[in-house]
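Asks: Let me see the structure of the following:
(chains A and B)
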Amino acid sequence: QEKVQQSPESLIVPEGAMVSLNCSFSDSASQSIWWYQQHPGKGPKALISIFSNGNKKEGRLTVYLNRASLHVSLHIKDSQPSDSAVYLCAVSLNTGNYKYVFGAGTRLKVIA
Amino acid sequence: EAAVTQSPRNKVAVTGGKVTLSCNQTNNHNNMYWYRQDTGHGLRLIHYSYGAGSTEKGDIPDGYKASRPSQENFSLILELATPSQTSVYFCASGDAGFEQYFGPGTRLTVL
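Replies: Numbers count the residues shown, from 1 in each chain, chains lettered A, B, ... in the order given. Below is the predicted model:
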């Protein structure tokens, strides 16, 4: 059974700071990794995904994947109070049915 | 914009009662999913479906049944609700390998 661990559990940063969120997984054959953002009382919303080793940048977001170390990270540049949310890491299983296993999440608070 | 709706948004049930949570998607996605979210556990998969008429067990299916009568609708059924099933339930839809679109969630309390 794939296991997904996220760290830190929570994070408080000042507005404008660079935020780094971590996710480790147990199966190197996992197909893709997604990051979701969830605001209080809302459903998760996909932010960015990565399939291949290396990095991918979209706007203020950069994601790094290292399959050898089973680690993926999400970096948010110039953080804003509106970025305050729970961030979920989701790893797809290499079983052909595209199930995803989610981590417990990192709660981010950006203070103005 | 992909759309997933859930009903009811809030539900209070009694132990031993039957509860049905409904989900509708207008995205024409083949795959639909039911998750529950509890503090410290993140999202855990209960049941999923590849299309109308199909249901598959997820990682925590015990105590739950699912029904997919059409492409658009996917229901989660608790035949005999227990207090341990108190949680927030999310429905999602998505094409294989692509992002999942989530509904707003249903908060279920079993007394």
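
Asks: Quick check: pLDDT value at whichever residue of chain A sits closest to chain B.
Replies: Chain B sits closest to residue A:43 of chain A, with a gap of 3.2 Å, by CB to the nearest CB. In this view, the C-beta of every residue, glycine as well, is placed from N, C-alpha and C. Looking at residue A:43, its pLDDT is 96.

Asks: Quickly note the distance from it to residue B:23.
Replies: 11 Å (CB to CB, to the nearest Å).

Asks: more crowded one of the two?
Replies: Neighbour count, other CB atoms under 10 Å in any protein chain shown: between residue A:43 and residue B:23, residue B:23 has more, with 25 against 22.

Asks: Figure out the helix or strand that the more buried one lives in.
Replies: Residue B:23 belongs to strand B:19-25 when assigned by DSSP states H and E.

Asks: Verify the stated contact: the residue of chain A closest to chain B with residue B:104.
Replies: Yes. With contact defined as CB atoms under 8 Å, residue A:43 counts as touching residue B:104 (5.4 Å).

Asks: what's the overlap in contacts for residue A:43 and residue B:23?
Replies: Common neighbours of residue A:43 and residue B:23, using CB atoms under 8 Å, 6 or more residues apart in numbering or on different chains, are B:4, B:103.

Asks: and the strand holding residue B:23, does that touch chain A?
Replies: No. Counting by CB under 8 Å from any CB of the partner chain, chain A is not contacted by strand B:19-25; separation bottoms out at 11.1 Å.
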